[in-house]
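Q: A structural model of the following input is requested.
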Amino acid sequence: MAQIGQDGAVTTRLPSLNGRLTTFVSGPWESTGPNPGFDLPPGVINGDVDGIAVTARLTADGVVVAADSDRIRTGLRRRRIDQLDAADLHPEVPTITALLARLPDPNPLLVAVGGDSHFEAILAAARDLGSEVEKRLWLAGHEHQDLIRWRPRTDAVLLLATARRRVGDGVEKMMAALHGDDLDGVSMSHGDWSGGTIALAHRFGLRTHAHGARHSRELAAVIDAGIDALTAEDPIQLAAVAAEFYP
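A: From the prediction side, this is the model:
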């Protein structure tokens, strides 16, 4: 359980790596106004949460966009995004360039990256906006070898997106390898993290990121265990729980 400090403030049972929590809210964020488009969550604009988390998709003409599904509805049917040009997408499907341009500086953008082609497109989009924009990227890839190839190319935060069942009993070995390859951390479902697993990652200097928590008690449990970054769908709920530990 959370601890109560001498000043009466709530503190985490286990500390985060750098003494702070980075919060991300996941989309989608369709516009509710008269003009079609996309809206950033108000919590990001007013500073209640730090950034947003998206999944990268590539269009047929090589534009990287943010979309939860690899298919979107066009007319009466659903079509694959990689079979459509960017100009054929609905206005509420934002490009990564548009997201980075709209995000207040220095808010971070966490992107689930599907492979080398996605990585190259995201990197190009960030660099087109300025040399400092790339440093705001957190890139989560599913393959360790992909991350190794990307490391010399970027100063972005690089996370291995995995699951506890994929690692089995080799968690310590995996984390040691990530540390040895100068990678930044691990992203797993909130239920895959425990205080012991987070402490092990911190021993190797790795950041820990959790996703998938939907209830306040789930958010509180993983924050209490020392998680470094957390993604949730509801920015108001996320901000409220985070503020209990990091006022």
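Q: could you pull out the strands for the protein?
A: Per DSSP state E, the chain has strands spanning 3-4, 10-11, 22-26, 51-58, 64-66, 71-74, 77-80, 109-113, 137-141, 157-161, 185-189, 207-211, 229-232. These are given in chain order.
Q: what are the ranges of the helices in this structure?
A: Assigned by DSSP state H, the helices in the chain fall at 42-45, 96-102, 116-128, 144-150, 164-167, 171-180, 195-203, 216-224, 235-245.
Q: could I get these as CSV with distance to residue 156, mean pLDDT and mean neighbour count?
A: All C-beta spots, glycine's among them, are computed from the backbone N, C-alpha and C. Output for those, formatted as CSV (distance: least, CB to CB, whole Å; pLDDT from 0 to 100; neighbours: other CB atoms under 10 Å):
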stretch, distance to residue 156, mean pLDDT, mean neighbour count
helix 42-45, 19, 82, 17
helix 96-102, 12, 92, 19
helix 116-128, 8, 96, 18
helix 144-150, 8, 98, 16
helix 164-167, 23, 90, 12
helix 171-180, 15, 97, 16
helix 195-203, 19, 96, 18
helix 216-224, 24, 97, 20
helix 235-245, 23, 94, 19
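Q: please name whichever of those is nearest to residue 18.
A: Between residue 18 and the helices of the chain, the shortest separation by CB to CB is 9.7 Å, and it involves helix 195-203.
Q: in a markdown table, list the helices of the chain along with distance to residue 77.
A: Rendered in a markdown table, the data for the helices of the chain read as follows (distance: least, CB to CB, whole Å):
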| stretch | distance to residue 77 |
| --- | --- |
| helix 42-45 | 33 |
| helix 96-102 | 26 |
| helix 116-128 | 25 |
| helix 144-150 | 32 |
| helix 164-167 | 34 |
| helix 171-180 | 42 |
| helix 195-203 | 43 |
| helix 216-224 | 37 |
| helix 235-245 | 33 |
